[in-house]
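S.K.: Here is the input, now give the coordinates:
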Amino acid sequence: MKRIAAVIGFSFGITLFALNFIGYELSKYVGIFLLFVFVTALAVPKYRQAAVVPLCAGTSLLACILFLFSYNGIVEPQLFLDTKSADAVFCITNLGEKTTNGYAYTAKVVSINMAGAPQGIKVRLYTPEKLSAEGYQLISGKLRFFAVADNGFASFGEWGKQIFLHASVKKYTVSDEFVSSPMRKILEIRQHIAASFMSNVGGDEGALGLGMIIGDRSYISDELMDAFKTTGTSHLTAVSGLHLSAVTGVFVLLFNRFGISKKVSSPILICIIVFYCMLSDFSKSVVRASVMLTIMMICNMTDDKADSLNSLGIAILVICLNPFAVCDVATLLTVVCVLAIVVVYPHIQQRVYVYQLYLNCIQQGRKPLIPRRAAETLAKIVDMFLLSAVLSVCTIPIMCLFFGYFSLIGILLNVIIFPLGSLAVTVSMLCSAFSGVWLLGDVLAWAERLLNGLIISLIRGAARLPYAAVNLVPSATVFVGMILVVIAMCVIFIPRITKKAAIMSLALFSAFLVGFQLYDNGCSHIYITQSGAAVICKSGKAEVCGLTKKNDINVINDYIKSRRCELECVYCSDSKLAKALGCSANNNKNYTVDVDGVTFAYGGSGDITLDEASLSDRNGTVMLSVGDVEYTVKNGSFSVAYESPVLLT
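M.R.: Numbers count the residues shown, from 1 in each chain. Sure, this is the predicted structure:
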């Protein structure tokens, strides 16, 4: 077996993804099944000799054990604190960000004065005003805890950051003591970089540069962030493998220029990689890139050749030491993108190699239609477009699963954004390093504003184009996934029919997209959460009613953005919840609206009737606790999609 690390890493990651999806209770039975498979694979000579079967079964069993122990030992003790209040000592561990109702921080709760409460936990802390404390400075106060979610996928990546609780504090006392941690110095460096960028560059241009080098997106406006998401270019706003490669690339060029050997430069580069990983607050994509680059540096020192898939497998294993990291969209996107670059893109590039046409003309004694330099430039442009298209298509299932849409304009836009982004990262690094140098710092700040301003203008312009992004129903995600699996199987097992399979799949997918989008654009939509909140989207406008839970705010915001609607009104009695959505509250308990000929009623009666616990329509009554519900309405009729409905008599 040539790629043992890849087999172990992918088996580990895929198992954890499945376990997080099915939940804790069913995972116990999966563990028993995996134990049986593992023992059987060791007992049967045919499977034991093949090695891959017991290896995969054993790795999956270890992943299952890790998941169960982590849930029992970490998650459940923290969920015990849900809705409870307690005196606590804590400290903030990040820069913090402005929210609609105040400020939000990542905080470490050093101690909680409550019997049976876990100690030393990490929380997302919300305060009405900015905390008058430095990073890692001890603070005493009364915290009120709230569960983030009941599973990893519903936590919007919070579980992947080991954050299982939100907390709020109003009155607090700051002490003179500090927590001893090496990350305190890192936080001070992050704060210095943030202050320098926003004072020297400022605006959205400075905010974008700040996101590029340290992953702090708190200064980027919501409007601009939505434009990045719509155009599929949000990878620019956060630290990723692209940024780490740019950093290490600069040092590699310097080491090569001064003739420093790889055995000397590699350990230095590893230290730089580790430092940058800490500076980026251990972003999942940077951790993945850091592990892969570190392995490459170690291979350079030993004169070995690093295997990309084995390196990726080790990176997945490192990331998945936190068994809930697979619930973070950043983890899935960084892994899928590397797989697309390493596995899919080379096969596509071989079959669409433009420069080969020029070489064929030379070999056959014919005069080429264009000069060599033009042929090389055209080949690079086509390669960039192919890479952008491959990455966009391969990430469609993940984008649809987490956001309900994917960017269509991003396939073309990334061809321009990739080289501009690489240049912008380099300029941002130089701007940060030389911000205090007379004249040079001003020139670099001017260049930063110019370059980032160009990128922002392109993003905003592209986001306003029609069909910049395409909404997909959950079933369409499965459809897309099946097409990608068919193409991947052809690439691996039957290369000769790959081209035909890809063309047919692309034609089928395009027809599906055009048909679905034309139909969807003429429809209104009603989305209802498990907590009984409803979002009504029609004619580019959105209204919300029945909002009672803070946990619904992120879900509702994402749904409204995915439909690219503008929120007009929130019908609820809690003004704070309405304000969190960026709208004033209308305290009207009975809400009835005509949605394209269908009457939707909250607290009344209509074609679709909603109350706090159940939903009724012509199909019967369904309990909201079992899942979300979405209606598609057109010309007085509606279709409905339930998540595991339970109809009542």
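
S.K.: if I look at residue 42, how far off is residue 61?
M.R.: 11 Å (C-beta to C-beta, to the nearest Å). Where you see a C-beta, it was placed from the backbone N, CA and C, and this is true even at glycine.

S.K.: Neighbour count for the two, which is higher?
M.R.: residue 61 (22 against 14; other C-beta atoms under 10 Å).

S.K.: Where does that one fall, secondary structure wise?
M.R.: helix 52-70 (DSSP states H and E).

S.K.: Show me what that helix is packed against.
M.R.: With contacts defined as 3 or more C-beta pairs under 8 Å, 6 or more residues apart in numbering; DSSP states H and E, helix 52-70 has these neighbours: helix 4-22, helix 24-43, helix 45-50.

S.K.: average model confidence for that helix?
M.R.: For helix 52-70, mean pLDDT is 90.

S.K.: Next, the angle helix 4-22 makes with that helix.
M.R.: 50 degrees (axes from the mean of the first three to the mean of the last three C-alpha atoms, to 10 degrees).

S.K.: Could you check the angle helix 52-70 makes with helix 24-43?
M.R.: 150 degrees.

S.K.: All further residue positions should be reported with the first residue as 12.
M.R.: Taking 12 as the first residue, the last one we looked at is helix 63-81.

S.K.: Convert helix 63-81 to CSV, retaining C-alpha atoms only.
M.R.: This file holds the C-alpha atoms of helix 63-81, laid out as CSV (Å, rounded to 0.1, in the frame of the first residue of the first chain):
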residue,chain,number,x,y,z
VAL,A,63,-6.5,-1.9,3.4
VAL,A,64,-9.8,-3.4,4.9
PRO,A,65,-8.5,-3.8,8.5
LEU,A,66,-6.7,-0.5,8.2
CYS,A,67,-9.8,1.4,7.2
ALA,A,68,-12.0,-0.5,9.7
GLY,A,69,-9.5,0.1,12.5
THR,A,70,-9.1,3.8,11.7
SER,A,71,-12.8,4.3,11.5
LEU,A,72,-13.2,2.5,14.9
LEU,A,73,-10.7,4.9,16.5
ALA,A,74,-12.5,7.9,15.0
CYS,A,75,-15.8,6.6,16.4
ILE,A,76,-14.2,6.1,19.9
LEU,A,77,-12.7,9.6,19.8
PHE,A,78,-16.1,11.1,18.8
LEU,A,79,-18.0,9.2,21.6
PHE,A,80,-15.4,10.1,24.3
SER,A,81,-15.3,13.8,23.1
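
S.K.: Pull out the buried positions in that helix.
M.R.: 64-75, 77-79, 81 (16 or more other C-beta atoms under 10 Å).

S.K.: model confidence over the next helix or strand after that helix, on average?
M.R.: For helix 63-81, the following helix or strand on the C-terminal side (DSSP H and E) is helix 87-90. For helix 87-90, mean pLDDT is 91.

S.K.: Identify each buried residue in helix 87-90, please.
M.R.: Quick answer for helix 87-90 (16+ other C-beta under 10 Å): 89, 90.

S.K.: Just after that helix, pick out the following helix or strand.
M.R.: strand 96-103.

S.K.: got the contact list for residue 467?
M.R.: 215, 216, 219, 235 (C-beta atoms under 8 Å, 6 or more residues apart in numbering).

S.K.: Among those residues, which are located in strands?
M.R.: Applying DSSP state E to the contacts of residue 467, no entry is found in strands.

S.K.: Tell me the one among those residues nearest to residue 454.
M.R.: residue 216 (14.9 Å; C-beta to C-beta).

S.K.: what's the spacing between the closest one and residue 438?
M.R.: 11 Å.

S.K.: so what's in contact with the two at the same time?
M.R.: residue 459.

S.K.: quick one on the thing from earlier: buried members of the contacts of residue 467 into PyMOL, please.
M.R.: Remark: buried members of these, expressed as a PyMOL selection using 16+ other C-beta under 10 Å:
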select buried, resi 215+216+219+235
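
S.K.: May I see the contacts of residue 467 organised as JSON lines, with distance to residue 247 added?
M.R.: Shown next, in JSON lines, are the contacts of residue 467 (distance: C-beta to C-beta, whole Å):
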{"residue": "215", "distance to residue 247": "12"}
{"residue": "216", "distance to residue 247": "12"}
{"residue": "219", "distance to residue 247": "7"}
{"residue": "235", "distance to residue 247": "11"}
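
S.K.: Show me the two of the contacts of residue 467 that sit farthest apart.
M.R.: Maximum distance among those (C-beta to C-beta): 10.3 Å, for 216 and 235.

S.K.: Please, where are all the helices along the stretch 312-461 of the chain?
M.R.: With DSSP state H, counting those that start in this stretch as the criterion, the stretch 312-461 of the chain has helices at 319-330, 340-350, 356-362, 366-374, 383-405, 407-414, 421-444, 451-474.

S.K.: could these go into TSV alongside distance to residue 204?
M.R.: Shown next, in TSV, are the helices of the stretch 312-461 of the chain (distance: least, C-beta to C-beta, whole Å):
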stretch	distance to residue 204
helix 319-330	25
helix 340-350	21
helix 356-362	34
helix 366-374	41
helix 383-405	29
helix 407-414	29
helix 421-444	5
helix 451-474	13
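
S.K.: among these, which is nearest residue 208?
M.R.: It is, among the helices of the stretch 312-461 of the chain and with distance given as C-beta to C-beta, helix 421-444, at 6.8 Å.

S.K.: That closest one packs against which elements?
M.R.: Partner elements for helix 421-444 (3+ C-beta pairs under 8 Å, 6+ apart): helix 194-211, helix 214-225, helix 252-268, helix 383-405, helix 451-474.

S.K.: most packed of those helices?
M.R.: helix 214-225 (a mean of 24; mean count of other C-beta atoms under 10 Å).

S.K.: outside of it, which residues touch it?
M.R.: Contacts of helix 214-225 (C-beta under 8 Å, 6+ apart): 201, 204-205, 208-209, 211-212, 227-228, 230-232, 235, 247-250, 254, 290-292, 432, 435-436, 438-440, 442-443, 459-460, 463-464, 466-467.

S.K.: Tell me the one of the contacts of residue 467 nearest residue 87?
M.R.: For those, the nearest to residue 87 is residue 235 (39.2 Å; C-beta to C-beta).

S.K.: All set, thanks.
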